[in-house]
Every structure is written in structure tokens, then in C-alpha cells.
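Peer 1: just coords:
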């Protein structure tokens, strides 16, 4: 079957997440339904990462196998035509070889978490941010975040449902910056554990609120105990930004 | 009745516009319903401008008269509590005197129009931009826009439903800039005619597409004839940004 590399933007709000599930409609299922309609045969899609219900993507890289060979622009426009009822859109499509794999070839994943720091709930950014009404100390959050960089056992920041073989991962980068009314957390790693970013952000917000010291983040990390984690931040503020690959395709 | 100056952010998508109407729910009605619930009496709201159905506000200034005197923070939070089912949110509230009027005291209004210049339809920005798939010449649009600055008879760019006494207005500023995948049109004037911004943008897009020359905009303006206008741009890309006032309140 011909394989295409695609980049997909989606609003995660109405989806049960990236991954096909029995309890709701997923982005994967929307893509496979569209691919099947377009190529009049079975279609299979695989993403660089999985996102939970309510989590968004600015550009999720995926591959999709469809029944027929078509020009890449036809694949992009055709998938978008059949997905037009859903808030997911294919930004780019390129033909790739059978052994190119969106998940296994990915060398780094980037996430963004957006906090709206103000009293009034969002109207234009409803379901796009986590609104926090109380003042936040950005400098303290950045100090707390610095403890998380590097190779660690991240058991504390891992969902009980996480399917990863090991809790040991390497966080390449985490930044905390102010952007107007928002605070942005940007994270990069080869791979992430389930709920890792939301667990980090929820914990760092405790530091921002002054309930935790920056060093409490180190203590929680070293505990390697899920109960040491702060409250998990809501899905609405999280964005899969992009996936990196080594080889030119 | 105590009067409060408020700033309101709203997603215009589900509303019939700012102004109370019989054919749908308006932002004004949402505010007045919330004000009535909060103060257990009649409430009246008046905005600096009116926006059509689907047009958004980053910060619409308004005043609202309610039955009871309350701390301004209670007014803000109380209005937001009662409007929680709607995508409208009160950003600020301050007490003002009876003779302060959101519409009549306003000295300048600012609008933003967002065009998403790409092939794929928007997912994260659905209902927030006008997506244009074809290439656009930003420099040519800026040249066309320059003809519109100053005091003119804007009959060409005025809806047939416009209730303004005169078609002569002064456009203080119009800029056309590239912001990533978007093109932003920013406009400032003491007041605008009905559909004026959307008529400008729809016409300038004709220039951007190369169907009109920049000088055709001047010809259309001088015709003072509604039929000389380009197609009116959709509501989804338009934002009321803010209103200016002279006096400190």
C-alpha cells in the first residue's frame, strides 16, 4: 500500500484523543475514515505520538497507508474534504517509503502548554488554555522546572495507565516564559510518559502559586512515587507542537 | 441606577451580533440578562460599537446600568458567573458616573481582520480567521489600502443597511502585515460605517490576488457607488480590538 507522511492540525476538544478507541471518535479514526473514502479501500494511520482527549496538535506528524497511489496534493485535499465535519486538517502530505514510520523514526517530540493568567475565564480561547486566576511566580516555576531536565526516573510524573516499558526518560529542554497574558511551558524529549507534561505543569503551578518551593520539585522527582506529584493540569492547555526526524524523506 | 464601565471579550460565532435582536441571542442581551440576575432588577448595556453576527471582540468597551450598587469586582465576577454558558467574558469593571457613555464618549475604535493564508482549512482557528488558499501580494494590498486613509465619502464600502447619517468618515490608519501564516489588517477611526472593514478587506484581497491593481481601489472609492466594492469578507476574521476615550474615568 502507498504510504504518505502527513502533518495534522487538530482541536482535541471533541475527540477521544489521537488513538482509536471504543468510547469515542479519535483523530486516527477520522483520518482512516477519510483515507478509506478517498481510496475506496482500507486505510491505516499511525502518529508520532498519542494525545489524550482534549489535547490539541499544531502539527502532529503521522503516516497513512491507503489503497491507491495518488498525487500527494490529492491526498492532502482529499483527506481534508472527507474530514470537513471534524476540527482536524491535513497541512502537508508527501509520499514516503514503506519503511518510514512516524512513530519509530521520530527522534524528538515537542510540546507546548498554555496557561492563561487572568481573573476572567477565556471566551476566544475557551478550550485552548488552562485559566489560572491567582498570581504566578514565573521565575520560581523556571527554577523548579530546571530540576526536571536530563535523564531521570519519572515515576512521580507518570499516569497509572502509562504503557511505557520504563519510567526512565531524558527531558532535553523545558522553558517557562511569559507571553502577554499567557505563560508558556515548552518541552522537548525523544519520548514522553503518559500524562508527563500535564503532571509537570500541574506541579510547577504549585510552585508558581507559592505552595511549593522550587526545591520541592526535586524532592518529588527523587521520591519516584506517583503520590508525590502535584495535581495534573487539564488537557485543554496542551499542544503537540511537532515531531523531529533524522533522515530527509 | 449605578453605571459601570466594562470591557468584554467574546467569540461572536454563536451570537446574532452585539445588538439585541429578535432573531437570535446577542452579547448585549447576555450582559443584560446577567446584570438582571445579579442585581435582581432591570439592567441596560450599551457598547462602544456594534458588531455583526460572527464578529469577535478582544475588548469591547461598554457601560451597564444595574439596579444595585456593588463593588466593581463583584460586578465583573457576577456577570461572568451568570454568562458562563456563553462565550463572552467581562475582563474589567469600574464604576463611572451617569454621564459617561460607552458610545458617545468614544474617540476612536480599532479593528483587526485576520486572514489565514494557506491551503488547509483551519482546525485550531476555525471561525477565528478567513482562510484564503491562493497566494496574496501583501505589498500590493498595502498600496491599495493607502488610498483609503483620510476623510472620504465611503459609500462604496458601506452596507445597504447602514444607519449612519453620513457616508463621510475619516480613516486614521490602516496597516497590512504578515504574521506567520496570517495576514493582519489593522484599522483605526473615530467611527466606521456598517460593513466598512469587511468591505475594505474583501476589496483588498482582490488586489492581493492580482485581480485588481492597487489603483483600482482609488477608482472604486471615488465612484462612491456600492456596486464598485469587491466581495465583502466573511465575519469570522473580524475583531473589535478596543475603544479609546479621552477623559480619565
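Peer 2: Great, that's in hand. Quantities reported herein were computed from a predicted structural model and do not represent experimental measurements. Numbering: from 1, shown residues only, chains lettered A, B, ... in the order given.

Peer 1: tell me the spacing between residue A:144 and residue A:221.
Peer 2: 10 Å (C-beta to C-beta, to the nearest Å). Yep, even glycine has a C-beta here, placed from its N, CA and C like the rest.

Peer 1: pLDDT weak spots in chain A?
Peer 2: Residues of chain A that meet the criterion pLDDT under 70 lie in A:247-249.

Peer 1: look at residue A:144 and residue A:221 and report which has more neighbours.
Peer 2: Higher neighbour count among residue A:144 and residue A:221: residue A:144, with 28 against 22, using other C-beta atoms under 10 Å in any protein chain shown.

Peer 1: tell me the secondary structure at the more buried one.
Peer 2: Using DSSP: H, G, I helix; E, B strand; the rest coil as the criterion, the local structure at residue A:144 reads helix.

Peer 1: so who does the spatially closest residue to residue A:244 that is not a sequence neighbour touch?
Peer 2: Across the structure, with C-beta to C-beta, 6 or more residues apart in numbering or on different chains as the measure, the residue nearest residue A:244 apart from its sequence neighbours is residue A:108 (4.0 Å). Contact partners of residue A:108, counting by C-beta atoms under 8 Å, 6 or more residues apart in numbering or on different chains, are A:172, A:188, A:189, A:190, A:243, A:244.

Peer 1: try 7 Å
Peer 2: Contacts for residue A:108 (C-beta atoms under 7 Å, 6 or more residues apart in numbering or on different chains) come out as A:172, A:188, A:189, A:190, A:244.

Peer 1: now do residue A:193
Peer 2: Here residue A:193 is in contact with A:154, A:157, A:158, A:162, A:164, A:167, A:169 (C-beta under 7 Å, 6+ apart).

Peer 1: export these to a markdown table and tack on distance to residue B:40 and neighbour count?
Peer 2: Conversion of the contacts of residue A:193 to a markdown table gives the following (distance: C-beta to C-beta, whole Å; neighbours: other C-beta atoms under 10 Å in any protein chain shown):
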| residue | distance to residue B:40 | neighbour count |
| --- | --- | --- |
| A:154 | 53 | 25 |
| A:157 | 48 | 33 |
| A:158 | 50 | 21 |
| A:162 | 51 | 17 |
| A:164 | 56 | 15 |
| A:167 | 56 | 17 |
| A:169 | 56 | 20 |
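
Peer 1: so how far is residue B:184 from residue A:17?
Peer 2: Between residue A:17 and residue B:184 the computed distance is 33 Å (C-beta to C-beta).

Peer 1: show me which of those two is the more surrounded one.
Peer 2: Neighbour totals were compared for residue A:17 and residue B:184, and residue A:17 leads with 20 against 16 (other C-beta under 10 Å).

Peer 1: mind listing what's buried in stretch A:171-183?
Peer 2: Of all the residues in stretch A:171-183, those buried under the rule 16 or more other C-beta atoms under 10 Å in any protein chain shown are A:171, A:174, A:176, A:182, A:183.

Peer 1: secondary structure element for the first one, which one?
Peer 2: Right, residue A:171. Secondary structure assigned from DSSP states H and E places residue A:171 in strand A:168-179.

Peer 1: show me what that strand pairs with in its sheet, parallel or antiparallel.
Peer 2: Pairing partners of strand A:168-179, with direction, according to DSSP bridges: strand A:150-153 (antiparallel), strand A:182-189 (antiparallel).

Peer 1: the last one: how far from the chain's middle?
Peer 2: Translated: strand A:182-189. Centroid displacement of strand A:182-189 relative to its chain, using C-alpha atoms, centre = their mean, to the nearest Å, is 11 Å.

Peer 1: now the strands for chain A?
Peer 2: With DSSP state E as the criterion, chain A has strands at A:3-10, A:44-47, A:56-65, A:88-96, A:106-117, A:130-132, A:150-153, A:168-179, A:182-189, A:238-245.

Peer 1: hang on, the earlier thing: of the contacts of residue A:108 - the most surrounded one?
Peer 2: When these are compared by neighbour count (other C-beta under 10 Å), residue A:189 ends up highest, at 20 neighbours.

Peer 1: wait, it touches residue A:174, no?
Peer 2: No - look at residue A:189 against residue A:174 with C-beta atoms under 7 Å: they stay out of range, at 9.0 Å.

Peer 1: can you pull the contacts of residue A:29?
Peer 2: In this structure, residue A:29 makes contact with residue A:20, judged by C-beta under 7 Å, 6+ apart.

Peer 1: kindly report the same for residue A:43.
Peer 2: Residue A:43 neighbours (C-beta under 7 Å, 6+ apart): A:32, A:35, A:36, A:64, A:65, A:66.

Peer 1: not including adjacent chain positions, what is the nearest residue to it?
Peer 2: Looking at residue A:43 with C-beta to C-beta, 6+ apart, the closest residue is residue A:35, at 2.8 Å.

Peer 1: burial count for that neighbour?
Peer 2: 25.

Peer 1: now for it: which residues touch it?
Peer 2: Contacts were defined as C-beta under 7 Å, 6+ apart; by that measure residue A:35 touches A:43, A:45, A:64, A:66, A:79.

Peer 1: tell me which parts of chain A are close to chain B?
Peer 2: Proximity of chain A to chain B is confined to A:9-11, A:56, A:80, A:87-91, A:120-124, A:126 under the rule C-beta under 7 Å from any C-beta of the partner chain.

Peer 1: for the spatially closest residue to residue A:152 that is not a sequence neighbour, give me its contacts.
Peer 2: Spatially, and ignoring its direct neighbours in sequence, residue A:152 is nearest to residue A:221 (6.0 Å; C-beta to C-beta, 6+ apart). Counting by C-beta under 7 Å, 6+ apart, residue A:221 makes contact with A:147, A:148, A:152, A:156.

Peer 1: and with 8 Å instead?
Peer 2: Applying C-beta under 8 Å, 6+ apart to residue A:221 gives the contacts A:147, A:148, A:152, A:154, A:156, A:157.

Peer 1: how about the contacts of residue A:35 in JSON lines, adding distance to residue A:100?
Peer 2: Below are these laid out as JSON lines (distance: C-beta to C-beta, whole Å):
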{"residue": "A:43", "distance to residue A:100": "17"}
{"residue": "A:45", "distance to residue A:100": "14"}
{"residue": "A:64", "distance to residue A:100": "12"}
{"residue": "A:66", "distance to residue A:100": "15"}
{"residue": "A:79", "distance to residue A:100": "18"}
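
Peer 1: just give me the closest of those to chain B.
Peer 2: The shortest gap between chain B and any of the contacts of residue A:35 belongs to residue A:79, at 9.7 Å (C-beta to the nearest C-beta).

Peer 1: got the domain ranges for chain A?
Peer 2: Using automatic domain parsing, the domains assigned to chain A come out as A:3-104, A:107-244.

Peer 1: could I get those domains in a markdown table, plus columns for distance to residue B:212?
Peer 2: Listed next are those as a markdown table, based on distance: least, C-beta to C-beta, whole Å:
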| stretch | distance to residue B:212 |
| --- | --- |
| domain A:3-104 | 27 |
| domain A:107-244 | 32 |
